[in-house]
Structure formats: C-alpha cells, structure tokens
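Q: model this:
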Amino acid sequence: MGLCASIGITAVVAGTAATANAATAKSKELINYGEKYIGTPYLYGAVPYMTNAFDCSSFTQYVFDNFDITLPRTSIDQALKGQKVAKGYLSMGDLVFFKTNGYGISHVAIYAGNNKILHSANDGVEISDMDSNYWSSKYVTARRVLN
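A: Just a heads-up that it's a prediction; the model follows:
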C-alpha cells in the first residue's frame, strides 16, 4: 500500500474511533468497585440502583453512577453515550455491547482489560473472557464514557 493511502486510511480510522488509553487510576478504581459485586444474582429488569440483584444495564448504570457518570437504563440507550471505540483500542472502563438475542444490542459489559469483561449475566455479576466463542461471536461495538 502506498504512503498516501496509508495516511488516508489512518486519518479515516483516527476520525471514527477513540484510541487506546492505558488503564488510569480512575478506570482501575471503577473495575475494583464493580468487582465488589461479583456473585450478585442476575435479575432481568432489576430495579435501578438496587444492589441485591442486577441485570446487565442496571449493573453498568450503578457502577458508573458511583463515579458521577449518568447512564440511561437500557443497554441500547447506553450504546448511544460517549465516544465510539474500535475493538482493537479498548481501554479498561469502556462499555462493550453485544447482540445476545439475535436482534440488536441486548447486553452491556465493562471492559476490565486483557480481553476480560465485568458484567451481570445469567450467573450473576462475573468476569468473562471476551475471546470465548460465545462473547467473541456476539460483539457489536464499544463506547468510552469514562474520562
């Protein structure tokens, strides 16, 4: 590929997605805070801000609210917030979105670094491997809402 084409492609990519950031003290604190809830049961449609059970989006909403970041209640609405991030540039604390129902965005998780996600799923709040056959095939997009 020629130099001009490379520069043009780089410019297009740089204009559409956030670049990777090293984990910050704030992003580590956010993950540590969320990890306190590992094992908390999953409940579809969980009431916002209750902590005895979460669904995926009530969990992300609750964790980010602790850091003064207001997120909407549903995963599809959360996917409209922040800045789009390319999968190869994920940073700890980014929101990652998945299509688990066959129709569109239906699950949200927090990127925990090293291709791991912190989320509330069928087994409750847990850390999962984004590279697993299941999650890698369901990935849709990511957003950065943490500064």
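Q: next, count neighbours for Glu126.
A: 18 (other C-beta atoms under 10 Å). Backbone N, C-alpha and C define where each C-beta goes, glycine included.
Q: chain neighbours aside, what residue packs nearest to it?
A: Ile38 (6.2 Å; C-beta to C-beta, 6 or more residues apart in numbering).
Q: so what's Ala112 up against?
A: The contact partners of Ala112, taken as C-beta atoms under 8 Å, 6 or more residues apart in numbering, are 31, 92, 118, 127.
Q: gap between it and Leu80?
A: 22 Å (C-beta to C-beta, to the nearest Å).
Q: isn't there a strand covering Ser137?
A: No - assigned with DSSP: H, G, I helix; E, B strand; the rest coil, Ser137 falls outside any strand and is helix.
Q: state the pLDDT value of it.
A: Reading off the confidence values, Ser137 has pLDDT 96.
Q: show the contacting residues for it.
A: Contacts here follow C-beta under 8 Å, 6+ apart; on that basis Ser137 touches nothing.
Q: the one 3 residues further on too?
A: Taking C-beta under 8 Å, 6+ apart as the definition of contact, the neighbours of Val140 are 79, 97-99, 104-105.
Q: ok now the helix or strand hosting it, how far from the chain's centre?
A: Secondary structure assignment for Val140, by DSSP states H and E: strand 139-144. Chain-centre distance of strand 139-144: 6 Å, with C-alpha atoms, centre = their mean, to the nearest Å.
Q: paired strands for it, with orientation please.
A: strand 83-84 (antiparallel), strand 95-98 (antiparallel) (DSSP bridges).
Q: now, of those strands, which is deepest in the fold?
A: strand 95-98 (a mean of 24; mean count of other C-beta atoms under 10 Å).
Q: what sits up against it?
A: 60, 75, 78-79, 81-82, 90, 105-111, 117, 130, 135, 138-145.
Q: now the residues you listed: which count as buried?
A: Among the contacts of strand 95-98, the ones that count as buried by 16 or more other C-beta atoms under 10 Å are 60, 75, 78-79, 82, 90, 105-111, 117, 130, 135, 138, 140-145.
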